[in-house]
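Asks: Could you work out the structure for the sequence below:
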Amino acid sequence: MTAAGLNRGRFGDAPPAPALDAIVRIRLLSLGVAFVIGTQGIMAQTNQSEATQWLTAASATPEFKVSKSRRAWERTRKEIRAQLWELLGRLPARPKQPAVQTILRQDHGDFLLEKFRFDNGAGASVPGYLFLPKRTEKKLPALLYCHWHGGQYDNGKEELLRADHTPAAPGPTLAKRGYVVLGIDACGFGERHGKGPGGPEEKRGAAEMTASKFNLWVGRTLWGMILRDDLMALDYLLSRPEVDAKRVGVTGISMGATRSWWLMALDERIKAGVAVACLTRYQDLILTEGLKYHGIYYFVPGMLNHFDTEAVVALIAPRPILFLTGDQDSGSPVAGIRKIEAKVCPVYRLYDHEELFQSRIYAGVGHVYLPDMWQRMLDWFDDNLKAK
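Replies: As a prediction, the model looks like this:
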């Protein structure tokens, strides 16, 4: 419809053309002014991302400040570790040593493979594999291997036997190099798939969500329970007569990486670690709209009211830890990794061991385990466990 027709429909006969032009110009101008004013108001509210607005409106996370002396840091470390345990929730006490049932024992030439299980005291039976190099006169270094997530709920500890997303099968490879290797099924994975509080018909992500809901209702976190199972596995590993308790490490990719550095932060019996493809600073994950890249299993309520990832990783000092991450890994924003490095390096400096904290970022690499990463992992443990 023309401007004249529009005007006639509202006001009767159309005015002469010059008058019409003036009216239209005035109306358009007034609309334009209103639009500009309105847009400015909207822009003032939306020049930040929604994620930024949510994070800004939340309680600010206290800055992690590095202590000026080793003695002061060691006091702070106790406080942070105690706070972590509190945030993980009311976890059932672990027995001094889990009652383990060995199900089978197989000779694979270069190593022995045992399958075992233990009752975690929280309603679940936890199965696992133990790889033993053929006996020597000396006690051996050992590794707790933490499997990944990847939505592959059927796999779990089977990751140790295959080279699906690692350059080689971790269990046999590491056992042949002289390491005792142990790995278990995390809650909801492998033989524990379909054995959560939702019953056998509930599986995959739905089962993981139900397990998380259950644990929140009884005052604890699913992440805390996953770590508790890992620590029971560590208790068993350290109890083995073949293992040198002073030379035990931990490693894994993705969820297994995160389990690795959390476990090192919580338990100083673990002497070295390698975490591949998962070093996540949580505020940076929020700012990059990346919460969708991590499952519900590892979210700890209230954590950002106290500190971010750098405080957790700093608890590992001065033990050797190596992080290997791709710069295209959406679940581990590089800006966050750099902030972690900037805070953790000075903590290692308090012990004069900056070289024992290493973080390598691979350009153009996503959420994968490269052959170069694999070799660096092997070398790291040889240098920091076997050589001692």
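
Asks: quick one: contacts for Leu237?
Replies: Residues in contact with Leu237 (Cβ atoms under 8 Å, 6 or more residues apart in numbering) are Leu130, Ala142, Leu144, Val180, Leu182, Val243, Val248. Yep, even glycine has a C-beta here, placed from its N, CA and C like the rest.

Asks: How far off centre is whatever helix or strand it lives in?
Replies: In the assignment (DSSP states H and E), Leu237 maps to helix 222-239. Relative to the centre of its chain, helix 222-239 is centred 16 Å away, using Cα atoms, centre = their mean, to the nearest Å.

Asks: That helix: what's the following helix or strand?
Replies: Note on helix 222-239: by DSSP H and E, the next helix or strand toward the C-terminus is strand 243-253.

Asks: which SSE is Phe131 in?
Replies: Residue-wise, Phe131 maps onto strand 125-133 under DSSP H and E.

Asks: ok, Tyr298 - how many residues close by?
Replies: Tyr298 is flanked by 20 other residues according to other Cβ atoms under 10 Å.

Asks: And Gln375, by the same measure?
Replies: So Gln375, with other Cβ under 10 Å, has 11 neighbours.

Asks: how much space between it and Arg177?
Replies: 12 Å (Cβ to Cβ, to the nearest Å).

Asks: Now the common contact residues for those two.
Replies: Counting by Cβ under 8 Å, 6+ apart, Gln375 and Arg177 have no contacts in common.

Asks: that older thread, direction included, what does the strand holding Phe131 pair against?
Replies: strand 111-119 (antiparallel), strand 180-184 (antiparallel) (DSSP bridges).

Asks: Export these as JSON lines, with columns for mean neighbour count, mean pLDDT and distance to Ile337.
Replies: Shown next, in JSON lines, are those (neighbours: other Cβ atoms under 10 Å; pLDDT from 0 to 100; distance: least, Cβ to Cβ, whole Å):
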{"stretch": "strand 111-119", "mean neighbour count": "18", "mean pLDDT": "97", "distance to Ile337": "35"}
{"stretch": "strand 180-184", "mean neighbour count": "27", "mean pLDDT": "98", "distance to Ile337": "26"}
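
Asks: Nearest to Leu104, out of these?
Replies: For Leu104, the closest of those is strand 111-119, at 4.8 Å, according to Cβ to Cβ.

Asks: Name the nearest residue to Ile340, ignoring sequence neighbours.
Replies: Of all residues not flanking Ile340 in the chain, Glu310 sits nearest, at 4.6 Å (Cβ to Cβ, 6 or more residues apart in numbering).

Asks: Could you confirm that neighbour falls within a helix?
Replies: Yes - counting by DSSP: H, G, I helix; E, B strand; the rest coil, Glu310 is located in a helix.

Asks: give me every residue that touches it.
Replies: Contacts for Glu310 were tallied using Cβ under 8 Å, 6+ apart; they are Phe64, Arg281, Lys339, Ile340, Lys343, Val344.

Asks: And for Leu378?
Replies: Leu378 neighbours (Cβ under 8 Å, 6+ apart): Arg177.

Asks: Also the one 4 residues further on?
Replies: Shown here is Asp382, whose contacts under the criterion Cβ under 8 Å, 6+ apart are Arg177.

Asks: give me phi/psi at it?
Replies: Dihedral pair for Asp382: phi -60, psi -40, per degrees, to the nearest 10.

Asks: do Ala186 as well
Replies: Per-residue torsions, Ala186: phi -70, psi 160 (degrees, to the nearest 10).

Asks: is it true that it touches Gly156?
Replies: Yes - here Ala186 reaches Gly156: they are 6.5 Å apart, a contact under Cβ atoms under 8 Å.

Asks: mind checking how far Leu234 is from His149?
Replies: In terms of Cβ to Cβ, Leu234 sits 20 Å off from His149.

Asks: likewise Thr102?
Replies: Distance from Thr102 to His149, counting by Cβ to Cβ: 28 Å.

Asks: who's more crowded, the two?
Replies: When Thr102 and His149 are compared for neighbours, His149 comes out ahead with 23 against 10, by other Cβ under 10 Å.

Asks: dump the residue contacts of the more buried one.
Replies: Counting by Cβ under 8 Å, 6+ apart, His149 has contacts Phe189, Ser254, Met255, Gly295, Tyr297.

Asks: again, but for Ala342
Replies: Ala342 touches nothing, counting by Cβ under 8 Å, 6+ apart.

Asks: How about the secondary structure of it?
Replies: Judged by three-state DSSP, the three-state class of Ala342 is helix.

Asks: how about the strands in the stretch 201-350 of the chain?
Replies: Shown for the stretch 201-350 of the chain, the strands assigned by DSSP state E, counting those that start in this stretch span residues 243-253, 272-276, 321-326.

Asks: Indicate which one of the ones you listed is closest to Arg259.
Replies: So among the strands of the stretch 201-350 of the chain, strand 243-253 is nearest, using Cβ to Cβ, at 6.0 Å.

Asks: now for the closest one, which elements pack on it?
Replies: strand 140-146, helix 222-239, helix 255-266, strand 272-276, helix 371-381 (3 or more Cβ pairs under 8 Å, 6 or more residues apart in numbering; DSSP states H and E).

Asks: could those go into TSV alongside mean pLDDT?
Replies: Converted to TSV, the helices and strands packed on strand 243-253 look like this (pLDDT from 0 to 100):
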stretch	mean pLDDT
strand 140-146	98
helix 222-239	97
helix 255-266	98
strand 272-276	98
helix 371-381	98
